[in-house]
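Peer 1: the following block contains a protein sequence and its predicted model.
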Amino acid sequence: MQELIDLTIKDIRLDKPAVITLHGKGRKSRQIPIMKNTATLLDEYLKNYDGNKGCSLQDSPVFYNQHKTRLTRRGISYILNKYVAMARKEEGFYNDGIITPHVLRHSRAVHMLQSGINLVYIRDFLGHVSVTSTEIYARADSEMKRKALESAYVELDTGDFPSWEKDGELMKWLQNLCK
């Protein structure tokens with residue numbers, strides 16, 4: 001969330017390829033590509049931008065509050081909760097859980113993983129130092145696990161195997177295991 005709060009006008013490049021520069025922990029910066037639709041929306045937003053209170057336009061925060069100052073964590077949470085409440089009233093919204101900026105970040109990472117994007121690229125996108133931090137998303141996705149197991153599954157031909165149910169001694173032994 002802090003990267004969004006710290007985002008300034010100079011961190012956005014809309015020329016192709018469109019990217020934003022995010023400043024993470026430890027003063028580490030990284031460039032993240034912006035999708036075409038997002039770049040178009042940002043361009044329209046910036047054409048109507050009116051948030052440079054007390055600083056140069058390039059150093060102005062991209063997103064600001066009603067006082068035209070940098071958003072806070074609480075402010076971002078307020079905006080998100082407001083729109084989540086509106087979405088919950090719409091038909092087809094099925095999430096009753098708490099939705100936070102971190103939940104959105106986690107969901108994006110899982111969707112990237114499900115799309116087949118390599119963990120190394122997801123690590124870079126999220127700004128993790130180690131891919132170990134990113135592996136949590138791979139562990140959390142049971143649908144991907146199911147698909148991996150299905151793709152590795154080999155159909156066995158059971159026609160040539162004797163039926164174990166007809167083996168009286170084996171059945172008796174198995175039943176005694178549970179006693």
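Peer 2: Perfect, I can see it now.
Peer 1: distance from the one helix or strand in the chain whose mean pLDDT sits lowest to the middle of the chain?
Peer 2: The weakest-scoring helix or strand in the chain, judged by mean pLDDT, DSSP states H and E, is helix 142-152 (a mean of 73). Remark: helix 142-152 is offset 20 Å from the chain centroid, using C-alpha atoms, centre = their mean, to the nearest Å.
Peer 1: cool, stretch 27-45 as well?
Peer 2: 16 Å.
Peer 1: still on that earlier bit, in terms of secondary structure, what does the least confident helix or strand of the chain contact?
Peer 2: Contacts defined by 3 or more C-beta pairs under 8 Å, 6 or more residues apart in numbering; DSSP states H and E place helix 142-152 against helix 101-114. In this view, the C-beta of every residue, glycine as well, is placed from N, C-alpha and C.
Peer 1: quick check: mean pLDDT across the helix it packs on?
Peer 2: The pLDDT scores in helix 101-114 average 88.
Peer 1: for it, list every residue counted as buried.
Peer 2: A109, V110, M112, L113 (16 or more other C-beta atoms under 10 Å).
Peer 1: let me have those in TSV, extended by distance to E90.
Peer 2: Listed next are the buried residues of helix 101-114 as TSV, based on distance: C-beta to C-beta, whole Å:
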residue	distance to E90
A109	25
V110	23
M112	26
L113	27
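Peer 1: determine which two of the residues you listed are furthest apart.
Peer 2: V110 and M112 (7.3 Å; C-beta to C-beta).
Peer 1: next, the buried residues of the longest helix along the chain.
Peer 2: Determined from DSSP state H, the single longest helix within the chain is helix 73-88. Across helix 73-88, burial judged by 16+ other C-beta under 10 Å covers G75, I76, L80.
Peer 1: point out where the protein drops to low pLDDT.
Peer 2: Residue ranges of the chain with pLDDT under 70: 51-55, 140-141, 144, 156-162.
Peer 1: that one: strands as residue ranges?
Peer 2: Counting by DSSP state E, one finds strands in the chain at the ranges 12-13, 19-23, 29-33.
Peer 1: same list (these) but as JSON lines, adding distance to D167 and mean neighbour count.
Peer 2: Formatted as JSON lines, the strands of the chain follow (distance: least, C-beta to C-beta, whole Å; neighbours: other C-beta atoms under 10 Å):
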{"stretch": "strand 12-13", "distance to D167": "72", "mean neighbour count": "16"}
{"stretch": "strand 19-23", "distance to D167": "64", "mean neighbour count": "17"}
{"stretch": "strand 29-33", "distance to D167": "62", "mean neighbour count": "13"}
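Peer 1: right, I'll call it a day here.
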